[in-house]
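Enquirer: Show me how the following folds:
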Amino acid sequence: DSGNDRVRRVAKDGTISTVAEGFERPDGIDIAPDGTLYVTDTDPEQSLVYRVDAETGASTVVAGKAGAVALGDGGSATEARLSQPGDVAIASDGDLYIADSQGHRIRRVHGGVITTFAGVGTSTTASRDGVPATSTYLGFPQGVRVDSAGNVYIAHGSRVRRVRRRDDGVHILETVAGGASNAARPAESLEPGESVPARSVRLRALRPLTIDRNGRDLLVGDSHGIFRVRVANDPSAEGTIERVAGLRLEGIATTFPANDLALRAPRYLAFAEGRSLPHFSDGLSNRVYALEPGGLARAVLGTGIAASPSYRALGTASPLPGPSGIAFYGEGHALVVSQEQAFIARLDAGTNTLEQFALRVAIDGVAPRLPNGVARRSDGRVLLADSQNHRILEFGSNGEGVRVLLGTTSEEGCTQIVGSSTASLF
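Expert: From the prediction side, this is the model:
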């Protein structure tokens, strides 16, 4: 229960109770055969993995260290740096696998020692199949699970990947579902009972991932539904995918009576050129709305899910985690800040699709933390309020060339601005 900073149990009779609390932002969870829970805390200031006694609620950090700088591979897991881990899985041999979402890696903890199991630490769509898992990109992994044979399954972006150990001992990364081009059939259009080759459809913003009780079928959720992936026994063969829950694309409503909206954290208002009514972001509902005549609110960005975005997808078909600042420019184009994952996305007014503008990267050795407002200058350069680092960042018109424009990373409070603006506190 991320919003209430706790883990809760729902009994068979529907009774709900708190198992453990005191987290900052609990996210991924897995259960060991003895009932022990493993929970990730994806808060940027924590980025930890806990072991939780399900009976007493006592928790112990088993991976990650708040404020750690070094990646920590080859050392103690509790001294290593994690970056907003989105999920955790425990294997039958006791090893932990962690989806280090903002670190773009899968980390493994064996005997208390942490290593990189998959990914190279950077995000790109050019991730290859059939190569060693530690030699290619793995952008924003959100889900991870391990089957009884030791195969590791990863949900990230628009694909479900598998890390399989070859006979020569090398762990190979391969796609088992999704990954098709934007022109491919969207998975949410599948009819009830329809089963198609698993790599022939387009998935969006994958997040939850689990393995069915038979030990081989995967259940995976994207921004529009839940899908079953039947993995082929032969590693060289393609499995199948079918839709088991969720509305088909044409059945998803995006316009609501404004007074009926259950707003959870409305953050910013912004006016687009030529509109008399504003747009606003709702951070905990993970959407941006436009107010319309007649007392209506129309969703223009986000799916309501706090998952990594699907770039080049329609604005209402891509998740937008924790939106905050909004800035309109030109013919209705918009820049939107994700406070949750500290990036800036761009909504193209012509195609109504979401595009990448600026990712979360370290500036002067410090990555943005809980950014808020965004503004676009007349020369095209973009300003971002990096609130918890007490500074203003400036980006080029295409998201490049970032620099600190004002402020310095400190918590000492405000000072009079004298001399260099980057030496002043905010």
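Enquirer: so residue 82 sits right up against residue 66, yeah?
Expert: No: Residue 82 is not in contact with residue 66 according to C-beta atoms under 8 Å; the separation is 9.5 Å. Quick note: C-beta positions are derived from backbone N, CA and C, even for glycine.
Enquirer: Now do the same contact list for the closest residue in space to residue 295 that isn't next to it in sequence.
Expert: In this structure, residue 295 finds its nearest non-sequential neighbour in residue 258, 5.2 Å apart by C-beta to C-beta, 6 or more residues apart in numbering. Residues counted as contacts of residue 258 (C-beta atoms under 8 Å, 6 or more residues apart in numbering) are 291, 295-297.
Enquirer: Quick check: neighbours shared by residue 82 and residue 66?
Expert: In terms of C-beta under 8 Å, 6+ apart, residue 82 and residue 66 are both contacted by the residues 47-48.
Enquirer: Please say which of these two ends up with more neighbours.
Expert: Remark: of residue 82 and residue 66, residue 82 carries more neighbours, 29 against 15, as counted by other C-beta atoms under 10 Å.
Enquirer: wait, what's in contact with that one?
Expert: By C-beta under 8 Å, 6+ apart, residue 82 lies in contact with 47-49, 63-64, 68, 98, 100, 103, 107.
Enquirer: which of these lies closest to residue 5?
Expert: Comparing the contacts of residue 82 against residue 5 with C-beta to C-beta places residue 48 closest, at 13.1 Å.
Enquirer: Show me the beta-bridge partners of that closest one.
Expert: For residue 48, the beta-bridge partners are residue 41 (DSSP bridges).
Enquirer: remind me which residues of this structure are low pLDDT?
Expert: Filtered on pLDDT under 70, the chain yields the residue ranges 125-126, 182-183, 213-215, 223, 246-253, 409-426.
Enquirer: Reduced to three states, what does residue 134 come out as?
Expert: What DSSP: H, G, I helix; E, B strand; the rest coil gives for residue 134 is helix.
Enquirer: my guess is it meets residue 121, correct?
Expert: No: taking C-beta under 8 Å as the definition, residue 134 is not a contact partner of residue 121, at 9.9 Å.
Enquirer: who touches both of these two?
Expert: Common contact partners of residue 134 and residue 121 (C-beta under 8 Å, 6+ apart): none.
Enquirer: more crowded one of these two?
Expert: More crowded of residue 134 and residue 121, by other C-beta under 10 Å: residue 134, with 19 against 14.
Enquirer: residues in contact with the more buried one?
Expert: Shown in contact with residue 134 (C-beta under 8 Å, 6+ apart): 116-120, 171.
Enquirer: Out of the residues you listed, give me the one that has the most neighbours.
Expert: Going by other C-beta under 10 Å, residue 118 tops these with 28 neighbours.
Enquirer: Identify the bridge partners of that one.
Expert: residue 106.
Enquirer: Tell me if I'm right that it and residue 173 touch.
Expert: Yes: with contact defined as C-beta under 8 Å, residue 118 reaches residue 173; the gap is 6.1 Å.
Enquirer: Quickly list what's touching both of those two.
Expert: Here residue 118 and residue 173 share the contacting residues 133, 138, 161, 163, scored by C-beta under 8 Å, 6+ apart.
Enquirer: mind putting the contacts of residue 82 in a markdown table, distance to residue 216 included?
Expert: Below are the contacts of residue 82 laid out as a markdown table (distance: C-beta to C-beta, whole Å):
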| residue | distance to residue 216 |
| --- | --- |
| 47 | 32 |
| 48 | 31 |
| 49 | 26 |
| 63 | 28 |
| 64 | 31 |
| 68 | 37 |
| 98 | 23 |
| 100 | 26 |
| 103 | 29 |
| 107 | 25 |
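Enquirer: Which of the residues you listed are buried? Put it as a PyMOL command.
Expert: A single PyMOL command selects the buried members of these (16 or more other C-beta atoms under 10 Å):
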select buried, resi 47+48+49+63+64+98+100+103+107
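Enquirer: from the contacts of residue 82, which single one is nearest residue 335?
Expert: Once C-beta to C-beta is applied, the member of the contacts of residue 82 that ends up nearest residue 335 is residue 103, at 25.2 Å.
Enquirer: ok, the closest one - contacts?
Expert: Applying C-beta under 8 Å, 6+ apart to residue 103 gives the contacts 71, 81-84, 119, 121.
Enquirer: Ok, residue 100 next?
Expert: 82-85, 106-107, 119, 141.
Enquirer: cool, and residue 185?
Expert: The contact partners of residue 185, taken as C-beta under 8 Å, 6+ apart, are 196, 200-202.
Enquirer: ok so, going back, quick check: the residue nearest to residue 295 vs residue 332, distance?
Expert: 21 Å (C-beta to C-beta, to the nearest Å).
Enquirer: do residue 74 as well
Expert: Applying C-beta to C-beta, the value for residue 74 to residue 332 is 50 Å.
Enquirer: If you count surrounding residues, which of the two has more?
Expert: Taking neighbours as other C-beta under 10 Å, residue 74 and residue 332 compare with residue 332 leading, 15 against 10.
Enquirer: tell me the phi and psi of the more buried one?
Expert: Residue 332 adopts backbone torsions of phi 90, psi 10, taken as degrees, to the nearest 10.
Enquirer: That concludes my questions; thank you for your assistance.
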